[in-house]
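Visitor: show me the folded form of this:
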Amino acid sequence: MLTKKETILRAAQEAFGELGFTAATVKDVAGRAQVSFGLVSHYFGSKQDLYLAAGFDMADRLIDCLTAATRGDYTGLEAVKQYMKAYFKFTEEHRKRFPILLRCSPFSHMEAGVDAAKVAEKFTIFIDELKRCVNNGIEDGSIRPLSSVKETALIIYGNIVGSVRTDLLTPYETNGIFDETIKHVVRSIENSPVQEAVERMSCAWTAGTRH
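Guide: Model prediction:
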């Protein structure tokens, strides 16, 4: 049984996820939660505070899920795959409420009235976990040497967000998009014999152009 506060958070996630920060109202959230307007204000204060609380609650749930998924006995490359699988599975399990993370995100247009610094700080946790996985993969040899672990983590996360946005917010047919995104990322970073050959050829070509 959910508490009143939990019910309000879920209602806020649905309302803000569907309508966005500007269009959704506290009255709308109260109606969805079937509680009084005053009770919403009592628990969460301003509309911005409610928006951030709802978004951060969803973010914290996802962070716990990702952390659990990547803490097995995996190579760095496998950990990246587990991260992405867990992220996409979480998305599917919370389709009605997950869009709040797409709206309350530094990877999306930040709506007026939202504290962008707080949002960016929260989302850093997602990137840091990916950085850990990528760095471990370079060290254990499952991921090829990369010039920037941070930029690689950001690119991977950008691929994840792009796929989720396409699946949840666009009219396009997206069957298989999550699996294909995982395959694309793995092909891009894995330390395979073919990739090593391509890297050697690229280095040789670059060296030749300098002479």
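Visitor: could you pull out the helices for the chain?
Guide: 4-23, 26-33, 37-44, 47-70, 76-93, 99-103, 116-140, 149-169, 177-189, 193-209 (DSSP state H).
Visitor: just put the ones you listed in CSV and tack on mean pLDDT and mean neighbour count.
Guide: In short, each C-beta sits where N, CA and C put it, glycine included. CSV is the format used below for the helices of the chain (pLDDT from 0 to 100; neighbours: other Cβ atoms under 10 Å):
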stretch, mean pLDDT, mean neighbour count
helix 4-23, 95, 20
helix 26-33, 97, 18
helix 37-44, 96, 16
helix 47-70, 95, 19
helix 76-93, 98, 20
helix 99-103, 91, 23
helix 116-140, 94, 17
helix 149-169, 95, 17
helix 177-189, 97, 16
helix 193-209, 53, 10
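Visitor: center of this protein - which residue?
Guide: Centroid check for the chain by Cα atoms, centre = their mean gives V161 as the closest residue, at 5.7 Å.
Visitor: tell me the contacts of L50?
Guide: L50 makes contact with 8, 12, 26, 29, 40, 44, according to Cβ atoms under 8 Å, 6 or more residues apart in numbering.
Visitor: format these as TSV; extra columns: distance to T166.
Guide: Formatted as TSV, these follow (distance: Cβ to Cβ, whole Å):
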residue	distance to T166
I8	30
A12	25
V26	31
V29	27
V40	32
F44	31
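Visitor: out of these, who's nearest L77?
Guide: A12 (37.3 Å; Cβ to Cβ).
Visitor: isn't that closest one right next to G31, touching?
Guide: No - in this structure, A12 is not within contact of G31 by Cβ atoms under 8 Å, at 11.5 Å.
Visitor: export stretch 166-183 as PDB, just CAs?
Guide: Extracted C-alpha coordinates of stretch 166-183, given in PDB (Å, rounded to 0.1, in the frame of the first residue of the first chain):
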ATOM      1  CA  THR A 166      12.500   7.700 -29.900                       C
ATOM      2  CA  ASP A 167      10.600   4.800 -28.300                       C
ATOM      3  CA  LEU A 168       8.500   6.800 -25.800                       C
ATOM      4  CA  LEU A 169       8.000  10.200 -27.500                       C
ATOM      5  CA  THR A 170       7.900   9.700 -31.200                       C
ATOM      6  CA  PRO A 171       5.300   8.000 -33.600                       C
ATOM      7  CA  TYR A 172       8.000   5.900 -35.200                       C
ATOM      8  CA  GLU A 173       8.000   2.100 -35.200                       C
ATOM      9  CA  THR A 174      10.700   1.200 -32.700                       C
ATOM     10  CA  ASN A 175      10.600  -2.600 -32.400                       C
ATOM     11  CA  GLY A 176      14.200  -3.800 -31.600                       C
ATOM     12  CA  ILE A 177      15.600  -0.300 -31.200                       C
ATOM     13  CA  PHE A 178      17.000  -1.100 -27.700                       C
ATOM     14  CA  ASP A 179      18.700  -4.300 -28.800                       C
ATOM     15  CA  GLU A 180      20.200  -2.500 -31.800                       C
ATOM     16  CA  THR A 181      21.500   0.400 -29.700                       C
ATOM     17  CA  ILE A 182      23.300  -2.100 -27.400                       C
ATOM     18  CA  LYS A 183      24.800  -3.800 -30.400                       C
END
